[in-house]
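Below is the sequence, then the predicted model.
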Amino acid sequence: ADKVVLQLKWVTQGQFGGYYVAKDKGFYKEEGLDVEIKPGGPDIAPEQVIAGGGADVIVDWMGGALVAREKGVPLVNIAQPYQKSGLEMICRKDGPVKTEADFKGHTLGVWFFGNEYPFFAWMNKLGLSTEGGPNGVTVLKQSFDVQPLVQKQADCISVMTYNEYWQAIDAGFKPEELTVFNYTQMGNDLLEDGLYAMEDKLKDPAFKEKMVKFVRASLKGWKYATENPDEAAEIVMDNGGQDENHQKRMMGEVAKLVGDGSGKLDEALYARTAKALLDQKIISKEPSGAWTHDVTDAAAK
Amino acid sequence: MQAPSVVSAKDLCLTYQANDGPVRALSDVNLDVRKGDFVSFIGPSGCGKTTFLRVIADLEKSTSGEISINGMTPEEARKARAYGYVFQAPALYPWRTIENNIALPLEIMGYGGADRTRRIAEALDLVSLSGFEKKFPWQLSGGMQQRASIARALAFDADLLLMDEPFGALDEIVRDHLNEELLKLWARTNKTICFVTHSIPEAVYLSTKIVVMSPRPGRVTDVIDSTLPAERPLDIRDTPEFLGIAHRVREGLRTGHSHEV
Amino acid sequence: MQAPSVVSAKDLCLTYQANDGPVRALSDVNLDVRKGDFVSFIGPSGCGKTTFLRVIADLEKSTSGEISINGMTPEEARKARAYGYVFQAPALYPWRTIENNIALPLEIMGYGGADRTRRIAEALDLVSLSGFEKKFPWQLSGGMQQRASIARALAFDADLLLMDEPFGALDEIVRDHLNEELLKLWARTNKTICFVTHSIPEAVYLSTKIVVMSPRPGRVTDVIDSTLPAERPLDIRDTPEFLGIAHRVREGLRTGHSHEV
Amino acid sequence: MRHLSFSWQGVTALLLCAAALASLPLLGEGATRPLSDGTASLIFIIVAAAALLSFAPQPTAYRATVLFIGAHGAAWMLLSALSGNEATATRAFFLLLFASWLLAWRCVTELSKLQPITAVGKSALQLLIPAIFGAWILILWEAVTRGAGVPFILLPPPSAIGTRIMASLPILRDDVRQTIFKAVLIGYVVGCLSGFVAAVLADRIAFLRRGLLPIGNMVSALPIIGIAPVMVMWFGFDWPSKAAVVIIMTFFPMLVNTVAGLAASGSMERDLMRTYASSDWQTLLKLKLPAAMPFIFNALKINSTLALIGAIVAEFFGTPIVGMGFRISTEIGRMNVDMVWAEIAVAALAGSIFYGVIALTERAVTFWHPSIRGG
Amino acid sequence: MKPDTFKNKIVPVTTILLALIAIWYVAAVLMNAPFQRDMDSRAGATPTTFEFVGKTLAQPKPILPAPHQVAQNVYENTVLRSLSSNRSLVYHGWVTLSSTLLGFGFGMLLGILLAVLIVHNRAMDRSLMPWLVASQTIPILAIAPMIVIISYNVLTGDNALAHLLNLDSDASRLVSKALISTYLSFFPVAVGMVKGLRSPEIIYLDLMRTYYASPMQTFWKLRVPASIPFLFTSMKVAIAASLVGAIVGELPTGAVAGIGSKLLAGSYYSQTIDIWAALVVGSLLAGVLVAIVGLAGKIVDRAMGGRPA
Ligand SMILES: Nc1ncnc2c1ncn2[C@@H]1O[C@H](COP(=O)(O)OP(=O)(O)OP(=O)(O)O)[C@@H](O)[C@H]1O
Ligand SMILES: Nc1ncnc2c1ncn2[C@@H]1O[C@H](COP(=O)(O)OP(=O)(O)OP(=O)(O)O)[C@@H](O)[C@H]1O
Ligand SMILES: Cc1ncc(C[n+]2csc(CCO)c2C)c(N)n1
Ligand SMILES: [Mg+2]
Ligand SMILES: [Mg+2]
C-alpha cells in the first residue's frame, strides 16, 4: 500500500474525527493507502513538519498556510473539510463586556501560534488598538484552558465551539451567563482546518493521485463521523483521545462546521482570508496558486 | 598544698572503629596534670599521643574511663574555651592571609579592635613571622606554616595549651628560640601546657613532668617528674642532672619500642 | 677520578611572584652533587631548601642560572624518572589505602604482579608499617603517614632520592632506626641522596656533604665535606670529629640567623 | 635546529584541497552568477598557501596570523560566492570550506599556546579564541543553510537572523526587559537565596536535613511544563508567575550544591573550630561557607542558564504579549523563524554575559581553590 | 535496616510531609474558595462554613486539588489499572523513566567527555566553554519540537545513520526524546566535572609530575578520584534535569505516552487533578532517582575510604 503521513494541528480529539474514522473503518485501505496519523500539540507547527519532510499532507488553518507559503514553503490547499469556523470569544455576563463597544480598556485572551489572525483582523475592523491603554484592548496570550475566565484574569477569552466552550460549561457557567461573539456569525471567520500539501510534490501525477485517494477516503470518513458522532468519538478515544463525553459533544459540534461534506474550498472565504492577512500586513503580497480544486474535483468523481 | 588538678584521667580507654576492625589507641591511661605543669608527652609514632590530646580537647570521646578538665567534662571545658590547641599539621585556612588566620580565634572569641591588632602583631613577632602578615598559607614554607599555626594558638588567652609537635619542622636555632619564648610565656602566665614532642632534649628542657608512652595499645609506661630548677638557661642541657633524666626517658622509649622495629 | 656530577647548579636564582610583590627564594646558588653523594641541606625555616629540591625535581622553573641533572635538564631527568621525591607533607591520596598509596608509583611506572607486591611489603617493612596495609591515611598518626610517604618513594628504583625533612615527625628511636636503614640502603645501592633536615646530628651522621643555607634571599653559605668514615655506627656521634663538624654546622646556621630572630 | 612543524589539521586541509580539486566545480547547475575560474583558483591558493606556510619554522604568533588570514579569507570568499547562487553548492565547495575550518582550528590551537605578557593582550586573546570558534559555527551554518538550500522555516541562515536582529531592536529590547530584567533576575536572586537558606538551615538542623532534602529532591524535578500553568493560575499572567517558575527551577541546584559544599570542609579545619568552642553560626560563616564557595558557584553557574530557560519556557503558558518566550512561541507559529532565532541569539548572549560575570566573580572569591590556582 | 533509620529518616520525613500536606489543605481551601463562592452565589446556595470547606475540597476541576483528591487519582491510575493500560500512571511513568535514564546516560557520557577535553586541552577550554554556556541558554521548549521531530525523521528515514543504527520506530521515538534529556543533563555534569577534575591539591599533582605519570595516569589515578564528590553532586542535578527533559520531550510527540503527555492532556481539559497526579508521580520518580544517586555516592565514598562525618 502507498504510505501517506498526515500531520494534525492539535492532539487527538473529535476535531480530527473524520481522519481517525477513515483509518479505523478501513476507508484508506480500500483506496490502497497506508495512512499514519501524527497528532500535533501546542508547539508543533505542521508547516515545519511538512517542510522537514516529516509529513505528506497536513491539517492547517488557512492563515498559517498562507504565511508559510510566503516564507518559502509552497503549501497548497487541496481540500477544505471545515467550511465554517468554530472560533468564538466568550465573556462573563457579570463582567464589563456585553457588546463589541465595551471592549475598550479591557483584557482579552487570545491564542497565538498562528491562531491569532482572525482576532487581529476583527480588532482591525473595529478600529481598536491592541497595545492596551484606555482606548485599546489588552491582549493576553491565553493558555490551553478556560482558567483566565474562571479566575477573572481576562474579561473575555477565546474558545472553540467544539472544545473550550464546553469546558467553560463544565466549569459551572450556564450558557445564559456567557456573552458569545461567534466569528462566523459576525462574518469575521477565516478558514480553519484544511488539508495542505507541497506544491512541488503535487506536480508529480502519482503523488497527486495519492492525494486524490486520500481526500476521497477522508471525506468519506468525515461523512461517516458526522452521521455517527458517538461511534466516531469512540474511535477517537481508542486512538488516544481524552474524556469520552467531551469527545462526543465535540463530534456533534464539529459536524456543524463540516457543512455539505464536499470538502471543496469556498473561493469567497479564501479571498476574505487572504485579504484579512494582507490588511494586517501578515503577508505582504496577494498569494497565488495557494489552492486547487483539482483534488476535490477528482475525488468527487 | 598541691595545685588544683587541670587534667585528670582515670583508666581512660579509647578504641577506634576502623573498616578492618577496632584499633585500641589508648588503654587504661591514668594521669594527673596540675595547674602550672608543663607536661611533655613522648613516645613512638602511633602510640596515642595525639589521640590523648584530642580526648582532652573533646575532639574524640573516650570509650571508657573518666577524664575531667578543670573539674569539668571535656565538653564543658571546650565550651568554656579552656584551652588552645596546636595541631600536628598547620591547618591554616587557604582563603585567609596569615594575619587573618591568626585573627580567626580572636574574631570568634570576640577580641575586638586595637586589642586584636596588637595580639596579632605580638604573636607574629613571637614566631618571627613579622613581614609575612599578608601572605597566603601556600606562599609560606612548611616551617613557616607551622609557626603561623603556633602563633594562632598563642594569640588568645587560654590557661591550658595543647601542643602537638609544634616544633617538628623547625631548625635547631628557631627551635631553641621558641623553646625559650615558650618557657618565658609559661613562667609569666602560669599556663598549663601539654606538649607532644619527639625530641628528648626538648622534653627534658621544657617540662616539669614527662609522660612516656608506648604503643599497641597506647598506654603510659612512665611518668617522670623533673628535678630541674624552674629557671632554665639553655646550657642546662649539659648538666649531669639533665643527662640523667634524658637517659631515663630514652630507656623508657626503648622499652616501649622493644616489641617492634 | 671524580664521580660523575648528578646535580650541578650554577648561579641559580628563583623569584616567586606573590600577590604583594616578588619573593626572592633562591639567590646565586652554586652546587655540585656527585654520584653517590649523600648531601644534607640545613638552614633556617624559609631559606629555600624546599624550593631548591623542587627546582631539581622540575616542579619549579628557575628564574635565571643553570641547573643540570645527570647532564640533562631537570625536565628530561624527570621524564627519565631519575629521582624519587619525599615531600615535606605526606601527600597521601585519601582514597587509597596505605598499600595502594605505595603501589601508586609502581603502577605508573609499570612494575607488575609479584614484583609489585614484594616491593610494597619490603617498603612497608622498612618503615615498620607492616600490618597497616589496609588502613586509609586518616586512620594513621602523623608520624605513620610520614613513614608511608617515605615507603612510597623507596618502593621504586631511582638513582637520585630527594627527601624533604622525611623524619621530622618521628621519635628518636624510629629516627635512628630509619637513619641506619637509609645509610644501609645508600651503601648497598650507591644512590645519590639530597636530604633536607633540621637536625644537626642527623645531618652530620648521614652526609658526605652538608650544605648550609641562609634566608632572605636564600643562598648557600657553607658547604662542608664530611671527613667521617663511610662505615658509621650510631655511636660515632660521640666522637670529637663528629662534634667538630656539628659545631661548624651550628655556627653556619647561627650566622645565617644572625640578622633575624 | 629548525624543523618544519607539521600539524594534522594542516595536512588534512591540503588533502581536502586536492579532493576538492578533483571534484570541481564549486557551484553546480542553476547558479545564476557562476564563479569565475580566477576567483575559484584564488580560493584554492589561499587555503593551500596558508596550510603550507603554517608548517614553516616560525614563531607561534606568525603562524597564527597566517592561518587566521588564510582560513577567514577563504571562508569569506566562499560565502560571498553563494550570494545569488543559493542551493547550488557542490561537494567541492564543502570540502574547501572544511579545509578552511581545519586551518581555523589549527589557528586556535596556536593561539592558545601564546602567553601574552600584558594584561590587555591576555584579555584580548581570551576573547579572540572563543570568538573564532563561534565565528566558525556561524560560517558553517551559513554555508550549509544557503549552500544546500535548507528551507528558511526550518533553519534560517545567520545572516538573515542578524538582519532581523538589527531590524527588531525595539521589540527585542522590550522582550529582554520583560523576561530578563523582571522574571529572570528576580527569580534567580530569590531562588538562589532560598536554596541557600534552605541548605544552611538543613546543615544546622539535622531534623530538617533529613526531612527536607528528600522532599527537596522531589520538588526539583517538578517539570517546568507542569508547574508553569499552575504558577500562571496562582500568580497571574505577568512576570511574577515566570519569576515563580525560575525560583522553583533554581532552588534545587543551589540546595544540593550548598549542602555538598557545607560538608566539604576538612575534618581538621572543623576540629580547629571545635577547639575554639565556636558557635555553629561562626563555624558556618568562617569555615563552612568559604569552603563551600566552589560548590556554591557551581550552582550559581548552572542556575544562570536554568533561570533563563525557565523564564522563557514559562512564557509559553499565558503571558502579556511581550517577552522572549512569548515572541518565540508566537513567531514560530507565524513562521517567522528568523525572529525566533533572533530571540534565541539574544538569550544566548544574555546568558553568556550572565555566566561570564559569575565566572569572574568566582575567580575573585575562590582564588585560593586549587582549580583556580592552577590544577 | 539500622535501628536509627526510623528515628533519623522516617520520623523527620513524615513530619515534614505531614506539615506540607496540612499547608496544602489550607491552600486548597483558600484558592478554591473564590470560585466556590461564585458558584454558590450563582446557584443561590448559602452553605455553612463546614459545608463550604467540604465543597472547596471536592471540586471536579479545582485550582488546587486537595491532597486526597490527588492521592485517590494516583491510586486509581496505578493500583487499579492494568500496567499496560493507556491510563495507567505506572505505564506512563515507565515510558518517561526509560527516556530519562537513556538521556541521563548520554548526558553523563557527553558531559564527562567535554569536561575531560576542557581540562586537558587549553584550546578547548578557551573556545568550547563559552559556547557550551550559550547552548544552555537556548530555551529547549522552543527547539524541542524541532529536535524531536527532526531526529525522529532522521532515525526512521532513509539515510546512513538510520541504516547503521537500525532502530524501530519505538526505539527511535525513545532516542529522540532522550536527546532532550541529554541536552539538559550534560551541562551540570560538564561544569561539575571541570571543577572536580581540577580540584586536586597542587602537591598531589606535583607528586604525579615526579613520577612522570602520563596524562592518562594522572587522570585515572588522581583527577578522577578527586572529582568524585563533584561528580555525584552534579549527577543529582543532572538526573533531575534529565527527567524534566524527558517530560518536555514528550510534549511534541503529540501526547502519546509518558508523564509529559498526561500533563499536557490534563491541561487541555483543565483536569487539574490529573495534572497534579502526574506531577506527583513525576516528583516521586525524581525523588527516587536522586535518592538512588545519593546512595550510590555514599557507597562509593565509603569504598574510597571516606571518613564518616
Ligand atoms: N581516626 C582514626 N581511625 C582509626 N584509627 C586511628 C584514627 N586515628 C588514629 N588511629 C590509630 O590510633 C593510633 C594512635 O594514633 P595517634 O595519632 O594518637 O598517634 P601519635 O602518638 O600521635 O603518633 P605520631 O607521633 O606519629 O603522631 C595509631 O595506631 C593510629 O593508626
Ligand atoms: N608558592 C610560593 N609563592 C610565593 N612565595 C613562596 C612560595 N613558596 C615558597 N615561597 C617563599 O619562598 C621562601 C622559601 O621557601 P621554602 O619552602 O623553599 O623554604 P624551606 O627552606 O623549605 O623552609 P622550611 O624549612 O620551613 O620548609 C619562603 O620565604 C616562602 O615564603
Ligand atoms: C496554544 C494554544 N493554541 C491553540 C489552542 C486552541 N485550540 C485547540 S484546537 C484548535 C484548533 C486547531 O486546529 C485550537 C485553536 C489552545 N488551546 N492553545
Ligand atoms: Mg600525632
Ligand atoms: Mg620546606
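Now that the structure is in, tell me what you want to look at. Ligands and ions are numbered 1, 2, ... in the order given.

Point out where the chain drops to low pLDDT.
Just going to use chain A. Along chain A, the model assigns pLDDT under 70 to residues A:144.

um, chain D though
Across chain D, the ranges flagged by pLDDT under 70 are D:1-3, D:30-31, D:220-226, D:374-375.

Phi first, then psi, for residue 283.
I went with chain A, as the question did not name one. phi -120, psi 150 (degrees, to the nearest 10).

That one contacts residue A:64, correct?
No - using Cβ atoms under 8 Å, residue A:283 makes no contact with residue A:64, being 11.0 Å away. Every residue, glycine included, has its C-beta placed from N, CA and C.

Which one of these two is surrounded by more residues?
residue A:64 (23 against 20; other Cβ atoms under 10 Å in any protein chain shown).

separation between the more buried one and chain E?
Distance, residue A:64 to chain E, using Cβ to the nearest Cβ, to the nearest Å: 15 Å.

Residue D:267 now?
Residue D:267 is 6 Å from chain E, where distance means Cβ to the nearest Cβ.

Let me know whether that residue touches residue C:137 as I believe.
No - look at residue D:267 against residue C:137 with Cβ under 8 Å: they stay out of range, at 11.8 Å.

Between those two, which is the more surrounded one?
residue C:137 (21 against 12).

If we ignore the residues flanking it in sequence, what's nearest the more buried one?
Of all residues not flanking residue C:137 in the chain, residue C:92 sits nearest, at 4.1 Å (Cβ to Cβ, 6 or more residues apart in numbering or on different chains).

do whichever strand or helix holds residue B:253 and ligand 1 meet at all?
Residue B:253 belongs to helix B:240-257 when assigned by DSSP states H and E. No - using Cβ under 6 Å from any ligand atom, we find that helix B:240-257 stays clear of ligand 1, coming within 10.9 Å at best.

which other residues reach that helix?
With contact meaning Cβ atoms under 8 Å, 6 or more residues apart in numbering or on different chains, helix B:240-257 is reached by B:42-44, B:47, B:200-201, B:203-205, B:210, B:212-215, B:221-222, B:224, B:226-228, B:236, C:171-174.

Among these, name the ones in helices.
B:200, B:201, B:203, B:204, B:205, C:172, C:173, C:174 (DSSP state H).

same question for the helix holding residue B:253, mean pLDDT?
Regarding helix B:240-257, the rounded mean pLDDT is 83.

Can you give the distance from it to the centre of its chain?
Centroid separation for helix B:240-257 versus its chain: 20 Å, with Cα atoms, centre = their mean, to the nearest Å.

which of the contacts of helix B:240-257 are buried?
For those, a neighbour count by 16 or more other Cβ atoms under 10 Å in any protein chain shown gives the buried set as B:42-44, B:47, B:200-201, B:203-205, B:210, B:212-215, B:222, B:224, B:226, B:228, C:171-174.

ok, and which of these reach ligand 3?
Counting by Cβ under 6 Å from any ligand atom, no member of the buried ones among the contacts of helix B:240-257 is near ligand 3.

show me the residues around residue B:197 that make contact.
Taking Cβ under 8 Å, 6+ apart, we find residue B:197 in contact with B:40, B:41, B:42, B:165, B:167, B:203, B:206.

Which strands or helices does the host helix or strand of the first one pack on?
Assigning secondary structure by DSSP H and E places residue B:40 in strand B:38-42. Under the contact definition 3 or more Cβ pairs under 8 Å, 6 or more residues apart in numbering or on different chains; DSSP states H and E, strand B:38-42 sits against helix B:49-56, strand B:192-196, helix B:200-206, strand B:209-214.

Just send these back as JSON lines, with mean pLDDT too.
Below are the helices and strands packed on strand B:38-42 laid out as JSON lines (pLDDT from 0 to 100):
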{"stretch": "helix B:49-56", "mean pLDDT": "90"}
{"stretch": "strand B:192-196", "mean pLDDT": "91"}
{"stretch": "helix B:200-206", "mean pLDDT": "87"}
{"stretch": "strand B:209-214", "mean pLDDT": "89"}
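
Please convert these to a markdown table, extending it with distance to ligand 5.
Listed next are the helices and strands packed on strand B:38-42 as a markdown table, based on distance: least, Cβ to the ion, whole Å:
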| stretch | distance to ligand 5 |
| --- | --- |
| helix B:49-56 | 22 |
| strand B:192-196 | 21 |
| helix B:200-206 | 20 |
| strand B:209-214 | 28 |
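
closest to ligand 1 out of the ones you listed?
Ligand 1 sits nearest to helix B:49-56 of all the helices and strands packed on strand B:38-42, at 3.0 Å, using Cβ to the nearest ligand atom.

Keeping just the C-alphas, turn the closest one into PDB.
Once non-C-alpha atoms are left out, helix B:49-56 reads as follows in PDB (Å, rounded to 0.1, in the frame of the first residue of the first chain):
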ATOM      1  CA  LYS B  49      49.800  11.000  71.900                       C
ATOM      2  CA  THR B  50      47.600  12.800  69.500                       C
ATOM      3  CA  THR B  51      44.600  10.800  70.500                       C
ATOM      4  CA  PHE B  52      45.100  11.600  74.100                       C
ATOM      5  CA  LEU B  53      45.300  15.400  73.400                       C
ATOM      6  CA  ARG B  54      42.200  15.000  71.300                       C
ATOM      7  CA  VAL B  55      40.400  13.400  74.200                       C
ATOM      8  CA  ILE B  56      41.400  16.300  76.400                       C
END
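
Work out the gap between it and the centre of the chain.
Relative to its parent chain, helix B:49-56 has a centroid offset of 10 Å by Cα atoms, centre = their mean.

wait, does that helix contact ligand 1?
Yes - using Cβ under 6 Å from any ligand atom, helix B:49-56 reaches ligand 1 at B:49, B:50, B:51.

List the contacts of the last one.
Contact criterion Cβ under 8 Å, 6+ apart gives B:14, B:25, B:26, B:60, B:218 as the residues in contact with residue B:51.

Filtering these by proximity to chain D, which remain?
Among the contacts of residue B:51, no residue sits close to chain D (Cβ under 8 Å from any Cβ of the partner chain).

Can you tell me which of these lies closest to chain D?
residue B:60 (9.4 Å; Cβ to the nearest Cβ).

Whichever strand or helix holds residue B:188: which residues count as buried?
In the assignment (DSSP H and E), residue B:188 maps to helix B:172-189. For helix B:172-189, the neighbour count (16+ other Cβ under 10 Å) marks B:172, B:173, B:174, B:175, B:176, B:177, B:178, B:179, B:181, B:182, B:183, B:186 as buried.

near chain A at all, the one helix or strand residue E:249 maps to?
Counting by DSSP H and E, the element that carries residue E:249 is helix E:224-250. No - contact of helix E:224-250 with chain A (Cβ under 8 Å from any Cβ) is absent, the minimum separation being 9.4 Å.
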